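Undergrad: below is the sequence, then the predicted model.
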Amino acid sequence: MSEPQIKLPRQSKGKRPYFFDDPAIDQMMTFLVELTAEVSVVYDRLDTVERLLETKGTISRADIEAYRPSDAIESERVARRDGYLKRVFRMHPPQATYGKGGTTAKPAPAKKKRRRRRRQRSAASG
Amino acid sequence: MPFQAKHDFLVESSHDELSRQNYVQRLRMHILNQIGGGMRAVYDKRVKPQFEKSQGRAPKDEYEVHVAMLSDNYGQVWSTMMRSCQEMVWDSVIPAVERAQPKLNERIRGLNARYGTLTLDPSVKVPRYVSATDIHLMPGNYHTERTADDASQGALYDRGRFVYNGGAAGPYADAIPRTIATYIRRKWPDFKPAQALELGCTIGSSTIPFVDGFPECEVHAADVAAPVVRYGHARAEALGKRVHFHQMNAESLKFADGTFDLVYSIIMFHETSTKAYRNILKECHRVLRPGGLMIHMELPPVGDMDPFEAFYLDWDAYYNNEPYYLKYTHEDIRACVTNAGFGNDKFFQVLIPDLARSPQAFEAVVGGEVIKKTQVARVGESAKWFTYGAWK
Ligand SMILES: C[S@@+](CC[C@H](N)C(=O)[O-])C[C@H]1O[C@@H](n2cnc3c(N)ncnc32)[C@H](O)[C@@H]1O
């Protein structure tokens, strides 16, 4: 007799803490971190396709599903993931802050700033 | 190394699930080492000076550091990522366990044990400190059973814990028990246990290194949660290791006085209550033979840590569902051990470098060198294991 399939809970007991004054930022961070995982999964799948195509003319979905990287290939993927993590989660370096804005320099007068920005924008479009 | 050793009961993940699990491993290491590695500098360069400026003094304890660090943007980013990542650890494994569950339970039920034994005791009551919380955010914790003879929490722990460790504890996730077993053998070569007992063995990954390390010894392993010992039994059989598993509460063991030469645990106490800690130590003393050894690997006491380090290590107590951790790390362990009946002169504590990662430092400590600094951190950040115990 075969056992029935059960659903396992996805959430742990207890309140979910948040760390920012606005919990929406924690929520956004979760979205963001989850999204980086999905991008990495897509990258691996692409890598699988590329590697399979290197040895075979045509491949099926079943070939992709069945593919398991060797230790050597997995090590390459680890190195790639680490590089990816470094690029995506690039933390701003710690520094003494001037104020809430987090800059060490006195804020420039608003007028100047605006002009600079306009110049930048025209440089970008030209 | 990112690869987990395979065995017959490890759940099968699909191509994409495996990819996600492998990513989460690296993500966690990145958050711990790269982002977490910056926390100290943020504290020294920004948070502490700001605190001093507004309060006219430095933060006096880990609680003040905690509030100050979590008011800082860097601390907030690190914390929220730690939390999300911990949720992702289990989330990346649950679908595979869910699919595997019916078949897995059937196979374990039909298992023909060739090496060890499994003794379940349905009369064992799961204590509140286990049943009330999903420790490390693992949904269902160690004990939840959803069908008769359910072992799936063991399967979830096996794969999920590996993802959590990022492989830092080796292909069998047993770097710590392997280090401790080898330490005992090398440090006390004349000590030849005939019977050993592990408390809080979970899936027995911390038991097998003692089977390997003491081939003449009969090794028993107890855990209060049935799913994990069921799974552990199947896993040990698949790996060809002779372990005798018991569903038992370490606070009230069913073994007669003086049964064992060696009683040990690996990272168990911080998940038990203050009262349970004392009860379990007493039980260790009772089931040991005179001349026997009790040894435990655990989180280091925060007593002699600086406030920042204590905050950093205790973060999990607040945000990773470890409600007993904080009380445990503030215990006076020597007092607790001696109150349990062990002689004060028989107490020892030692910081043991990981056997695989720092073999030379390990040798030095076996030879008697003492590492003073108790800076020990989460798995993946450090490789020195705080260990203590006593001879009876
Ligand atoms: C962190 S895990 C131990 C990990 C394991 N030793 C290893 O190294 O892989 C803690 C375990 O202790 C068990 N436990 C907690 N309280 C217990 C008690 N009173 N008696 C027996 N086991 C207990 C839990 O069920 C859980 O499996």
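TA: Received the coordinates, thanks.
Undergrad: residue B:133: what's it in contact with?
TA: A:13, A:14, B:141, B:321, B:323 (CB atoms under 8 Å, 6 or more residues apart in numbering or on different chains). Just so you know, the C-beta spots here come from the backbone N, C-alpha and C atoms, and that holds for glycine as well.
Undergrad: what's the closest non-adjacent residue to the second one?
TA: In space, residue A:14 comes closest to residue B:321 once its chain neighbours are excluded; the distance is 5.8 Å by CB to CB, 6 or more residues apart in numbering or on different chains.
Undergrad: low-confidence regions, chain A specifically.
TA: A:1-3, A:94-126 (pLDDT under 70).
Undergrad: how much space separates the closest residue to residue A:80 other than its chain neighbours from residue A:65?
TA: In this structure, residue A:80 finds its nearest non-sequential neighbour in residue A:43, 7.4 Å apart by CB to CB, 6+ apart. Distance of residue A:43 to residue A:65, computed by CB to CB, to the nearest Å: 17 Å.
Undergrad: who has more neighbours, these two?
TA: Between residue A:43 and residue A:65, residue A:43 has the larger neighbour count (other CB atoms under 10 Å in any protein chain shown), namely 16 against 13.
Undergrad: next, give phi and psi for the more buried one.
TA: phi -60, psi -40 (degrees, to the nearest 10).
Undergrad: thought residue B:153 was touching residue B:223, still the case?
TA: No. Using CB atoms under 8 Å, residue B:223 makes no contact with residue B:153, being 11.1 Å away.
Undergrad: of all of the stretch 201-350 of chain B, which residue lies closest to chain A?
TA: Residue nearest to chain A within the stretch 201-350 of chain B: residue B:319 (5.3 Å; CB to the nearest CB).
Undergrad: doesn't residue A:15 make contact with that residue?
TA: No. In this structure, residue B:319 is not within contact of residue A:15 by CB under 8 Å, at 10.5 Å.
Undergrad: which one of the two is surrounded by more residues?
TA: Using other CB under 10 Å as the criterion, residue B:319 and residue A:15 rank with residue B:319 on top: 18 against 5.
Undergrad: centroid residue for the chain?
TA: You didn't say which chain, so I picked chain A. Centroid-nearest residue in chain A: residue A:36, 2.7 Å away (criterion: CA atoms, centre = their mean).
Undergrad: switch to chain B, please.
TA: Most central in chain B (CA atoms, centre = their mean) works out to residue B:267, at 3.4 Å.
Undergrad: distance of the residue nearest to the centre of chain A relative to residue A:5?
TA: In terms of CB to CB, residue A:36 sits 31 Å off from residue A:5.
Undergrad: kindly report the same for residue B:98.
TA: As judged by CB to CB, residue B:98 and residue A:5 stand 8 Å apart.
Undergrad: look at those two and report which has more neighbours.
TA: residue B:98 (19 against 10).
Undergrad: what helix or strand does the more buried one sit in?
TA: Per DSSP states H and E: residue B:98 is located in helix B:94-109.
Undergrad: tell me the mean pLDDT over the helix or strand that that helix is followed by?
TA: Going down the chain from helix B:94-109, the next helix or strand is strand B:117-119, by DSSP H and E. The average pLDDT within strand B:117-119 is 98.
Undergrad: buried residues in the helix or strand just after strand B:117-119, which are they?
TA: Of the helices and strands lying after strand B:117-119 in sequence (DSSP H and E), the nearest is helix B:128-131. The neighbour-count check on helix B:128-131 (16 or more other CB atoms under 10 Å in any protein chain shown) flags B:129, B:130 as buried.
Undergrad: quick check: residue B:154 vs residue B:50, distance?
TA: The spacing between residue B:154 and residue B:50, counted by CB to CB, is 47 Å.
Undergrad: compare the two (neighbour count), which wins?
TA: More neighbours surround residue B:154 than the other of residue B:154 and residue B:50, with 28 against 15 (other CB under 10 Å).
Undergrad: OK, contacts around that one?
TA: Going by CB under 8 Å, 6+ apart, residue B:154 touches B:202, B:203, B:227, B:228, B:229, B:230, B:231, B:232, B:235.
Undergrad: what sits closest to it if chain neighbours are left out?
TA: For residue B:154, ignoring the flanking residues on the chain, the nearest one in space by CB to CB, 6+ apart is residue B:231 at 2.3 Å.
Undergrad: packing partners for the helix or strand hosting that neighbour?
TA: Residue B:231 belongs to helix B:226-238 when assigned by DSSP H and E. Helix B:226-238 is packed against helix B:94-109, strand B:117-119, helix B:152-165, strand B:218-223, strand B:244-247, with contacts defined by 3 or more CB pairs under 8 Å, 6 or more residues apart in numbering or on different chains; DSSP states H and E.
Undergrad: rerun at 6 Å
TA: Applying 3 or more CB pairs under 6 Å, 6 or more residues apart in numbering or on different chains; DSSP states H and E, one finds that helix B:226-238 contacts helix B:152-165, strand B:244-247.
Undergrad: out of those, the one nearest residue B:298 is which?
TA: helix B:152-165 (17.0 Å; CB to CB).
Undergrad: same for the helix or strand just after the closest one, what does it pack against?
TA: Using DSSP H and E, the helix or strand that follows helix B:152-165 towards the C-terminus is helix B:175-187. Secondary-structure packing of helix B:175-187 (3+ CB pairs under 6 Å, 6+ apart): helix B:208-213.
Undergrad: again, only this time at 10 Å
TA: Packing contacts for helix B:175-187, counted by 3 or more CB pairs under 10 Å, 6 or more residues apart in numbering or on different chains; DSSP states H and E, involve strand B:195-199, helix B:208-213, strand B:260-266, strand B:288-297, strand B:347-353, helix B:359-366, strand B:384-391.
Undergrad: of all those, which one is nearest the ligand?
TA: With CB to the nearest ligand atom as the criterion, the ligand lies closest to strand B:260-266 of those, at 3.9 Å.
Undergrad: the closest one pairs with which strands?
TA: Sheet pairing of strand B:260-266 (DSSP bridges) gives strand B:195-199 (parallel), strand B:288-297 (parallel).
Undergrad: ok, how many other residues are close to the nearest residue to residue B:329 once chain neighbours are set aside?
TA: Nearest residue to residue B:329 in three dimensions, chain neighbours excluded: residue B:302, at 4.7 Å (CB to CB, 6+ apart). By other CB under 10 Å, 20 other residues sit near residue B:302.
Undergrad: and what of the one 10 residues further on?
TA: Burial of residue B:312, expressed as a neighbour count using other CB under 10 Å, amounts to 24.
Undergrad: can you pull the pLDDT of the closest residue to it other than its chain neighbours?
TA: Sequence neighbours aside, residue B:39 is the residue nearest to residue B:312 in space, at 6.4 Å (criterion: CB to CB, 6+ apart). As predicted, residue B:39 sits at a pLDDT of 93.
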